[in-house]
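Student: Test case, fold it:
(one chain, ligands or ions: 2)
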Amino acid sequence: MTVTFTTKLVNVLGDKTAKALTKAFDMVTVEDLMRHYPRRYAELGALTDLSKLEPGQHVTVMARVKGAKNYSFGPGGRRTRTEVIVTDGTGELKLTFFQQAWRLKTMEPGTLGLFAGQVTVFRDEFQLTHPDFEPINESEDPAENTRLGRGVIPLYRSTSSLPSWRIEDCVGLCLDALTDLGDPLPDSVRKKHGYLDMRGSLEAVHRPRNRQDYERARARFRFEEAFVIQTVFAIRRAEFESEPATSRPEKPGGLRERFEERLPFELTAGQEEVIAEITHDLSAPHPMHRLLQGEVGSGKTVVALLAMLQTVDAGGQAAMLAPTEVLAAQHYRAITTMLGDLAKGGMLGGAEGATRVRLLTGSLGAKARNESLLDTASGEAGIVVGTHALIEAHVQFADLGLVVIDEQHRFGVEQRAALADKSATKPHVLVMTATPIPRTVAMTVFGDLETSTLRELPAGRQPIQTTVVPVAEKPAWLERAWQRVREEVGKGRQAYVVVSRIGDAVEAEAKDTRSLLDVYAEVTDGPLSDLRVGMLHGRMTTDDKDAAMTAFGAHELDVLVATTVVEVGVDVPNASVMVVMDADRFGMSQLHQLRGRVGRGNEPGLCLLVTDSEDGTPTRERLDAVASTTDGFELSKLDVEYRREGDVLGARQSGVRSSLRLLSVVRHEKVIFEAREDADAIVTADPQLLGHPVLAEAVRTLESTDQAEYLERT
Ligand code: ADP
Ligand code: MG
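Tutor: Ligands and ions are numbered 1, 2, ... in the order given. Reported below is the predicted structural model:
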């Protein structure tokens, strides 16, 4: 039998073992098992003596179980703690496991094994809590090609029914049986970096003889992950470039030029630069795919509006997609206001050559909706602003030339594609996000887009001062926070109070955070009783939401108690202070985004982060970091460090996420850059990958996982 990567495990390992692997790790093929790289390695030459332990140290020790016992504790004695004493002849160490009474069976006195973990001190004793445990079979012959003979023992992610050594046995069987090994890495690329071939790498990662072996192999597999992802993107970029699109060049004397002339401010140098890039992209005969990253308040909307007007000038239409109705309505108002008579095409008081701007959201009344649909289909409306309602099948455009997507993180690739399908030729696409992400993350998550970045804020913009209000230590500070709100309102300014949940009947569980309804009741009854306070949250009717937003925008309200619906893009320049309740419940980038809602006018903004978290905890450190810098890019880096990889990548590219085993989009910057360059070269020389069938297959697999996981989610 020839065994390849695609051979089913059952054919090599038999039914029972294959089933166990499928159940535990969802493995089906030999490749699935080969890609289950060891989590760490125990080097027999580098074991720690129990007499030389130090607190905080990560250690692997080889020791024999001296005794083990279960203890009951907690209410009703329902919880168990298993204590195991091990010795290596030089000293003793206590291992502790909670709620794992079954451990006792695997740790009979006399058992020899490897224990790995971090040394802690508890009641003057060294201990390891929940260490990795790998029993050693002493009847094993320490001959040449056994793990004891090699001196390095791989430790696999394992389960109680499939311990590491059994996985190791299965891996060994498959490795020995594998005959035909394809490699997604083209030889030229592999040799350029001095990586081992596939067989050599698999041997070195699963059966290493020393640290150098497995480190070399891991480096290669890490590169391979980056390389396959970057090949997917290189192909997509090449496809965009070969697709036709209608060129939408600038028109002298057009709406764009007339609008630019009446802008009440000077564009920043950054805005000018990005606009030049977009102008160029729109004039090209193939579709633009650009990501515009910009610090909160950096003025992305104006950039987008200029691009939309250029498209209209060239005879096309532009659609602007927003993630929420509140935001769509606000963009609509902002755009019609900014354009003035330029947006009153065919209407009383309209300027010559003016266009029309229409709003299209799910909750529009039948009449308004029909008008919007008609103007969109006829081409009367040059600019259509809306929510995902714009994507629905019955919405037709006369000539859709540009799609602008605001706050991308809420939109998937698929929705982008659905909109693009509304046009005979591919429209140009501009994606805007206010959540700055590190460059390598952008390359992995948005690798198919060109990126532009707006770093500077318009001149005269006031900094936002952020202060942590630690109610656990300083309860009086909360009262002081409300006083600051009253002072700002006294100066004619407005305030947001942001909460992490609503607290209505829909929320079944009681939680330990302050709800919107509670906070609203509390402040209107107490510290803010003489102010005009409104509320805004996602479960209000659209009319109520609109009414609240409009009232706040028109300064008919002083204070808006809201959930994170105000997070994205809400723009009320008169708002100068924001109080975030339970600030520790929000991510760092999210807090940064939130506070960007204040200080948009000419006076400094103030953001107060109220928290019960205690000084010195990681939670508090995160809040202190937010308070200490206003650089969104800096924060996004920190944020990424605090979060798990999966959260960083988000819902987009879930296939990519699940393909990452060794590659970190945060730490392996150089690998990602190199892989991108190499992938580009390969795709440029051979766009169909005809000479690289294994790579082509890996690309297909990655793309189909992306699709499949998306379908599962919806
Ligand atoms: P964001 O990038 O967060 O979406 P906006 O586009 O909403 O930011 O812009 C924030 C505010 O700054 C708006 O009121 C906008 O009119 C204003 N603005 C944009 N560009 C400039 C500029 N160059 N100078 C002064 N104000 C500007
Ligand atoms: Mg915006």
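
Student: surely T355 meets M347?
Tutor: No. T355 lies out of contact with M347 (Cβ atoms under 8 Å); the separation is 10.8 Å. Yep, even glycine has a C-beta here, placed from its N, CA and C like the rest.

Student: More neighbours: which of the two?
Tutor: Neighbours were counted for T355 and for M347 using other Cβ atoms under 10 Å; T355 has more, 24 against 10.

Student: Look at the nearest residue to that one once chain neighbours are set aside and tell me its secondary structure.
Tutor: Nearest residue to T355, sequence neighbours excluded (Cβ to Cβ, 6 or more residues apart in numbering): G382, at 3.3 Å. State at G382, reduced to three classes by DSSP: H, G, I helix; E, B strand; the rest coil: strand.

Student: State the pLDDT value of G616.
Tutor: pLDDT for G616: 82.

Student: swap that for T129, sorry
Tutor: pLDDT, T129: 89.

Student: Same check on E641?
Tutor: At E641, the model reports a pLDDT of 68.

Student: and what of V648?
Tutor: At V648, the model reports a pLDDT of 52.

Student: got it, and A377?
Tutor: 96.

Student: hey, where'd the strands end up in the stretch 101-250 of the chain?
Tutor: 112-122, 125-129, 132-135, 152-155 (DSSP state E, counting those that start in this stretch).

Student: ok, now the stretch 451-600 of the chain?
Tutor: 464-470, 494-498, 533-536, 559-562, 575-580.

Student: Can I get those in CSV including mean pLDDT, distance to L95 and mean neighbour count?
Tutor: Shown next, in CSV, are these (pLDDT from 0 to 100; distance: least, Cβ to Cβ, whole Å; neighbours: other Cβ atoms under 10 Å):
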stretch, mean pLDDT, distance to L95, mean neighbour count
strand 464-470, 94, 37, 20
strand 494-498, 96, 45, 27
strand 533-536, 96, 53, 21
strand 559-562, 96, 49, 27
strand 575-580, 95, 42, 27
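
Student: of these, which approaches ligand 1 most closely?
Tutor: Closest to ligand 1 of these, according to Cβ to the nearest ligand atom: strand 575-580, at 11.8 Å.

Student: which of the strands of the stretch 101-250 of the chain has the lowest average pLDDT?
Tutor: Of all the strands of the stretch 101-250 of the chain, the minimum mean pLDDT falls on strand 132-135 (a mean of 80).

Student: Kindly format the C-alpha coordinates of it as PDB.
Tutor: What follows is strand 132-135, C-alpha atoms only, in PDB (Å, rounded to 0.1, in the frame of the first residue of the first chain):
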ATOM      1  CA  ASP A 132       2.300  18.000  31.700                       C
ATOM      2  CA  PHE A 133       2.900  14.400  32.500                       C
ATOM      3  CA  GLU A 134       4.400  11.800  30.200                       C
ATOM      4  CA  PRO A 135       5.000   8.300  31.600                       C
END
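
Student: related to what we said a few turns ago, can you list the strands of the stretch 451-600 of the chain in a markdown table and add distance to ligand 1?
Tutor: Below are the strands of the stretch 451-600 of the chain laid out as a markdown table (distance: least, Cβ to the nearest ligand atom, whole Å):
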| stretch | distance to ligand 1 |
| --- | --- |
| strand 464-470 | 13 |
| strand 494-498 | 15 |
| strand 533-536 | 18 |
| strand 559-562 | 17 |
| strand 575-580 | 12 |
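
Student: Tell me which of the strands of the stretch 101-250 of the chain lies nearest to ligand 1.
Tutor: strand 112-122 (42.8 Å).

Student: Now do the closest one: distance to the chain's middle.
Tutor: Centre-to-centre, strand 112-122 and its host chain are 34 Å apart (Cα atoms, centre = their mean, to the nearest Å).

Student: Who are the packing partners of it?
Tutor: The contact analysis (3 or more Cβ pairs under 8 Å, 6 or more residues apart in numbering; DSSP states H and E) places strand 112-122 against strand 40-43, strand 58-73, strand 92-98, strand 125-129, strand 132-135, strand 152-155.

Student: any chance of those strands in CSV, with mean neighbour count and distance to R532 too?
Tutor: Converted to CSV, those look like this (neighbours: other Cβ atoms under 10 Å; distance: least, Cβ to Cβ, whole Å):
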stretch, mean neighbour count, distance to R532
strand 40-43, 18, 60
strand 58-73, 16, 54
strand 92-98, 18, 52
strand 125-129, 17, 54
strand 132-135, 20, 60
strand 152-155, 21, 63
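
Student: mind giving me CSV with the ones you listed and columns for distance to ligand 1?
Tutor: Conversion of the helices and strands packed on strand 112-122 to CSV gives the following (distance: least, Cβ to the nearest ligand atom, whole Å):
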stretch, distance to ligand 1
strand 40-43, 44
strand 58-73, 43
strand 92-98, 47
strand 125-129, 46
strand 132-135, 47
strand 152-155, 47
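
Student: Output those strands in CSV, with distance to T361 appended to each entry.
Tutor: Supplementary listing: the helices and strands packed on strand 112-122 in CSV, determined by distance: least, Cβ to Cβ, whole Å:
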stretch, distance to T361
strand 40-43, 52
strand 58-73, 54
strand 92-98, 51
strand 125-129, 53
strand 132-135, 53
strand 152-155, 54
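
Student: about what we covered before: might one say that the residue nearest to T355 is in contact with G345?
Tutor: Yes. Between G382 and G345 there is a contact under Cβ under 8 Å: 7.3 Å.

Student: which one of the two has more residues nearby?
Tutor: Ranked by neighbour count (other Cβ under 10 Å), G382 and G345 place G382 first, with 27 against 20.

Student: got a list of what that one touches?
Tutor: G382 makes contact with L255, M308, L309, T311, V312, Q317, A318, G345, T355, R356, V357, according to Cβ atoms under 8 Å, 6 or more residues apart in numbering.

Student: so of the residues you listed, which ones are in helices?
Tutor: Residues of those located in helices (DSSP state H): L255, M308, L309, T311, V312.

Student: and ligand 1, which of those residues reach it?
Tutor: Among those, no residue lies close to ligand 1 (Cβ under 6 Å from any ligand atom).

Student: Of the residues you listed, which is the nearest to ligand 1?
Tutor: Nearest member of those to ligand 1, counting by Cβ to the nearest ligand atom, is M308, at 13.2 Å.

Student: do you know how far the closest one is from F259?
Tutor: Per Cβ to Cβ, to the nearest Å, M308 is found 10 Å from F259.

Student: So which of those two has more stuff around it?
Tutor: M308 (31 against 19).

Student: quick one: pLDDT of the residue in the stretch 501-650 of the chain positioned nearest to ligand 1?
Tutor: As assessed by Cβ to the nearest ligand atom, ligand 1 sits closest to D571 within the stretch 501-650 of the chain, at 4.9 Å. pLDDT, D571: 78.
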